[in-house]
Every structure is written in C-alpha cells, then in structure tokens.
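Enquirer: Sequence and predicted structure below; questions after.
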Amino acid sequence: MPNITGGCHCGAIRYQVEGELLVHALCHCTDCRRHAGAPLVGWTMYAEDAVKVTKGEPKVYESSEHGRRHFCANCGTGLFYINANVMPGIIDIQSATYDDPDVVPPMVHIQVAERISWMERAHELPAFDRYPPQS
Ligand SMILES: [Zn+2]
Ligand SMILES: [Zn+2]
C-alpha cells in the first residue's frame, strides 16, 4: 500500500495513512449527502490507528447518536467519520481529500436505498472537459 497523504481545502489540517485498506465505498446515504452538500461521498475504511493527523485538529460534529464527523473548522472540508457503536476501532476517510485520490479506486456503491434518483444514471449524461463547454 502506498503511503497516503491528504488534507482539507485550506491546508490547516493534514493527515497520513499507513495501513491496510478495508474498503472504499461510495456512500449515497442522506446523512453523508446533507453533511457534505454533495450527491455522494467516497469513504475509505481503515483501522483507527492507521490514520495520523499531522497538522491541525479537526472539529468533531455529532451527526447522529454515535456518528462523529470530523471536519476542518476553518474551510469546512469533511475528513473523517467514526462510529464506535456500529464500527468500533474503524475510521472512515473522505477519499476525495487524498492528495492523489486515484491511488485507491472505489469498490462499491452503498446505501443506494437512499440514493437521489437521478444519480443512478448520472454517468450517462453528456460530459465536457471544461465548463462552460467549448465548441
Ligand atoms: Zn481547512
Ligand atoms: Zn453515508
């Protein structure tokens, strides 16, 4: 496994990951969607001790009874999710915050029961290299 580094948008928080990837899932649940303000969120799952925050300190938001979402209080980027009740000893990292998100491709879509209906066929939409489209 390559040494993975990442951080928030403003750079106040940096982290590194050394350990075995358990799964990389694209989550469609309402909870992730609302917190991120995005149609889906990519999560890479590791043992909790595989992740080390090397700069700054994330703020923790209690998004449900046991769910804890760690984010940058300065720029708002979501970084980690921990749920000691459902997934003890596990940390989820928002994979789009990796410096190189291509190192670990996603493996599954999860919580599709809560997926926005138009997301099912989003990959079929016309695609353009830039916006606005150049003719
Ligand atoms: Zn930040
Ligand atoms: Zn989710």
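Expert: Arrived safely. Ligands and ions are numbered 1, 2, ... in the order given.

Enquirer: CA only for contacts and neighbour counts going forward, please
Expert: Noted.

Enquirer: Contacts only, for the residue nearest to the spatial centre of the chain.
Expert: With distances taken as CA atoms, centre = their mean, residue 94 lies nearest the centre of the chain, 1.7 Å away. By CA atoms under 8 Å, 6 or more residues apart in numbering, the contact set of residue 94 is 41-44, 78-80.

Enquirer: Excluding sequence neighbours, find me the nearest residue to it.
Expert: residue 43 (4.7 Å; CA to CA, 6 or more residues apart in numbering).

Enquirer: Just confirm the one you found is within a helix.
Expert: No - under the criterion used here (DSSP: H, G, I helix; E, B strand; the rest coil), residue 43 is strand, not part of a helix.

Enquirer: Most widely separated two among the contacts of residue 94?
Expert: With distances taken as CA to CA, the most widely separated pair in those is 44 and 78, at 13.0 Å.

Enquirer: Thought residue 53 was touching residue 72, still the case?
Expert: No - counting by CA atoms under 8 Å, residue 72 does not reach residue 53; the two are 11.9 Å apart.

Enquirer: These two: which has the busier surroundings?
Expert: residue 72 (22 against 15; other CA atoms under 10 Å).

Enquirer: Need the per-residue pLDDT for that one.
Expert: Looking at residue 72, its pLDDT reads 98.

Enquirer: Disregarding flanking residues, what is the spatial nearest neighbour of it?
Expert: residue 58 (5.1 Å).

Enquirer: how about that neighbour, what does it touch?
Expert: 13, 70-73.

Enquirer: can you do 10 Å?
Expert: Contact analysis of residue 58 by CA atoms under 10 Å, 6 or more residues apart in numbering lists 8, 12-14, 69-74, 76-80.

Enquirer: Any of the residues you listed buried? List them.
Expert: In the contacts of residue 58, burial by neighbour count holds for 8, 13-14, 69-72, 77-80, counting by 16 or more other CA atoms under 10 Å.

Enquirer: Please tabulate these in a markdown table, including the columns distance to ligand 2.
Expert: Output for the buried ones among the contacts of residue 58, formatted as a markdown table (distance: CA to the ion, whole Å):
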| residue | distance to ligand 2 |
| --- | --- |
| 8 | 19 |
| 13 | 22 |
| 14 | 22 |
| 69 | 11 |
| 70 | 14 |
| 71 | 15 |
| 72 | 18 |
| 77 | 15 |
| 78 | 12 |
| 79 | 13 |
| 80 | 12 |
